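>>> the sequence and its predicted three-dimensional model are supplied below.
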Amino acid sequence: MTKQRDAIRMSEAEVAALFDECRSLQVATLGPDGAPHLTTLWFARDGATILFETYGKSQKTINLQRDPRIAVLCEAGETYPELRGVSIQGRAEIVDGGERLLALMGLLVTRNHTELPAEQVAGVAAKMAEKRVAVVVHAEKTISWDHRKLG
């Protein structure tokens, strides 16, 4: 007999589709006293890897420099039978300079600023990279659910 948890687990393709559909990501880091620091921000994905940008001096960045453990959540649905989500626990990698930062910023700008003409993306990404870092989430545990599968 199949467990309910197994029945509602999302496939890799379904997880990718939900990340593509969602605009915002909840991000939890650990403060100096161990308390969670929770924020919501825009993000992008590079294949199956989730990334976001933030100011280099933000509380998130300070927390991750001290302790790279991170949790992120993407969710959708208004009623219980519609609930879908993906929760990732892992380690954060801070990218704070060089060509890789510019490339990641380019991905983030392309996804989150669709109003920009393609020829402006590199310039905006370079300007953002002056004071911002990219954070790459290296997943260690992924949990997903789609209550629509319950029927």
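Yep, that arrived. Numbering: from 1, shown residues only.

>>> got a list of contacts for the helix or strand residue 75 falls within?
Here residue 75, judged by DSSP states H and E, is contained in strand 69-76. Strand 69-76 has contacts (CB atoms under 8 Å, 6 or more residues apart in numbering) with 18-19, 21-22, 24-30, 43, 50, 64, 82-92, 135, 137. (C-beta placed from N, C-alpha, C; glycine too.)

>>> swap the cut-off to 6 Å and go again
Contacts to strand 69-76, defined as CB atoms under 6 Å, 6 or more residues apart in numbering, come from residues 19, 22, 25-29, 84-89, 92, 137.

>>> what's the next helix or strand after it packed up against?
Following strand 69-76 in sequence order, the next helix or strand is strand 84-95 (DSSP H and E). If contacts are counted by 3 or more CB pairs under 6 Å, 6 or more residues apart in numbering; DSSP states H and E, strand 84-95 sits against helix 12-21, strand 69-76, strand 132-146.

>>> may I have the strands that pair with strand 84-95, each with its orientation?
Strand 84-95 sits in its sheet next to strand 69-76 (antiparallel), strand 132-146 (antiparallel), going by DSSP bridges.

>>> could you give the average pLDDT over that strand?
Taken as a whole, strand 84-95 has a mean pLDDT of 98.

>>> that strand to helix 12-21, inter-axis angle?
Angle between the axes of strand 84-95 and helix 12-21 is 70 degrees (criterion: axes from the mean of the first three to the mean of the last three CA atoms, to 10 degrees).

>>> still on that earlier bit, which parts of the strand holding residue 75 are buried?
For strand 69-76, the neighbour count (16 or more other CB atoms under 10 Å) marks 70, 71, 72, 73, 74 as buried.

>>> give me the contact list for the top helix by length along the chain.
Using DSSP state H to define each element, the chain has its longest helix at helix 98-112. For helix 98-112, contacts defined as CB under 6 Å, 6+ apart pick out 42, 44, 46, 51, 53, 95, 121, 124, 125, 128, 129, 134.

>>> just the angle for it relative to helix 12-21, thanks.
Going by the same axes, to 10 degrees, helix 98-112 makes 80 degrees with helix 12-21.
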